[in-house]
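Student: with the sequence up front, the predicted model follows.
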Amino acid sequence: MSRDSSARVLEGHAVLVTGSSKGIGRTLAVGLAQNGAAVAVNYKNDEDGAHETARLITDAGTEAIVIGADVSKPDEARRLVDEAAERLGRLDVLVNNAGRSRFSPFEDATEEDWEDVVGTNLRGAFFASQAAVKHMRALGKGSIVNVSSCASVLMVVYHAAYTMSKGGLDALTRQLAFELAPAIRVNAIAPGATGVERSRQYDPNFDESWGAVIPMDRVIEPEDLVEPVVFLASDRSAMLTGDVLHVDGGWGIQGVVPPMDDFDFEADQKRG
């Protein structure tokens, strides 16, 4: 992900990436830093992971701060955004990345499942964005990038709460783009099946089984998402707002998913 310093298109920008102690969030936070941004790293439980993300950011030559907050709780989401803006001196970009997924047959989904998934994926993005608006308006501009999912348009079995939450996030992206223009742009990326640690934990054959149904013949890696997010965060996409950019290796073209009859729902429920 290293970049020539002349291409640091986010130099002077302050960015908050929610859920950036590991996985996609960590990769995005470091990639944004390598493009010049100072980054606020957010975690819910994994403080050690968040500090490791921060170390990678400072190694990239920019400022990093670490803030613990559970974005599914509106008061904490607001505090997170306000603290990030105060400590970094401004807030140019918000990346709503924090996410939860709980697989289960629809009829077995619990209120706890629903609350965990929808609370993080949708409520968190809503209230974090609401808090970010005042800081961005003070600058006269800003960019919000939501991390959605191909699941919002490509139905995946046993994924009802997640699909609903990401569909809502797509709708929120369009609504805020309309309502906050022209000062603040709001877009989303929709990754396909992505090879993060948690995916490989619940499915040791994740790369093979999911890569086999993707036209580009492999799963998406977190690094594949960096340039799309940098593009949407920066002035390079100055006239893009309300878009959902699918980064899925063509998966959505055919819409095939691997069999999940042997999926271990109990193991999935135990993931942190």
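Tutor: Perfect, thanks for sending it.
Student: from the chain's centroid, how far away is stretch 106-126?
Tutor: Its chain's C-alpha centre and that of stretch 106-126 lie 16 Å apart, by CA atoms, centre = their mean, to the nearest Å.
Student: can you give me the end-to-end distance of stretch 209-225?
Tutor: 21 Å (CA to CA, to the nearest Å).
Student: do the same with stretch 138-148
Tutor: End to end - CA to CA - stretch 138-148 spans 27 Å.
Student: and stretch 147-154, average pLDDT?
Tutor: Taken as a whole, stretch 147-154 has an average pLDDT of 91.
Student: I meant stretch 230-246, not that one.
Tutor: 98.
Student: list the buried residues of it.
Tutor: 230-234, 237, 241-246 (16 or more other CB atoms under 10 Å). Bear in mind the C-beta positions are built from the backbone N, C-alpha and C, glycine included.
Student: with secondary structure and distance to residue 139 added, can I get those in JSON lines?
Tutor: Output for those, formatted as JSON lines (DSSP: H, G, I helix; E, B strand; the rest coil; distance: CB to CB, whole Å):
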{"residue": "230", "secondary structure": "helix", "distance to residue 139": "19"}
{"residue": "231", "secondary structure": "helix", "distance to residue 139": "20"}
{"residue": "232", "secondary structure": "helix", "distance to residue 139": "17"}
{"residue": "233", "secondary structure": "helix", "distance to residue 139": "14"}
{"residue": "234", "secondary structure": "coil", "distance to residue 139": "14"}
{"residue": "237", "secondary structure": "helix", "distance to residue 139": "17"}
{"residue": "241", "secondary structure": "coil", "distance to residue 139": "16"}
{"residue": "242", "secondary structure": "coil", "distance to residue 139": "20"}
{"residue": "243", "secondary structure": "coil", "distance to residue 139": "22"}
{"residue": "244", "secondary structure": "strand", "distance to residue 139": "25"}
{"residue": "245", "secondary structure": "strand", "distance to residue 139": "24"}
{"residue": "246", "secondary structure": "strand", "distance to residue 139": "29"}
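Student: report all helices and strands that the longest strand along the chain contacts.
Tutor: Looking across the chain with DSSP state E, the single longest strand is strand 184-191. Contact partners of strand 184-191 among helices and strands, from 3 or more CB pairs under 8 Å, 6 or more residues apart in numbering; DSSP states H and E: helix 124-139, strand 142-147, helix 160-180, helix 226-233, strand 244-247.
Student: please name the strands paired to it in the sheet, noting orientation.
Tutor: strand 142-147 (parallel), strand 244-247 (parallel) (DSSP bridges).
Student: would you mind measuring from the spatially most central residue of the chain to residue 22?
Tutor: When CA atoms, centre = their mean is applied to the chain, the residue found nearest the centroid is residue 97 (2.2 Å). Noted for residue 97: a distance of 11 Å to residue 22, by CB to CB, to the nearest Å.
Student: give the contact list for the residue nearest to the centre of the chain.
Tutor: 17-20, 24-25, 28, 147 (CB atoms under 8 Å, 6 or more residues apart in numbering).
Student: done for today, thanks.
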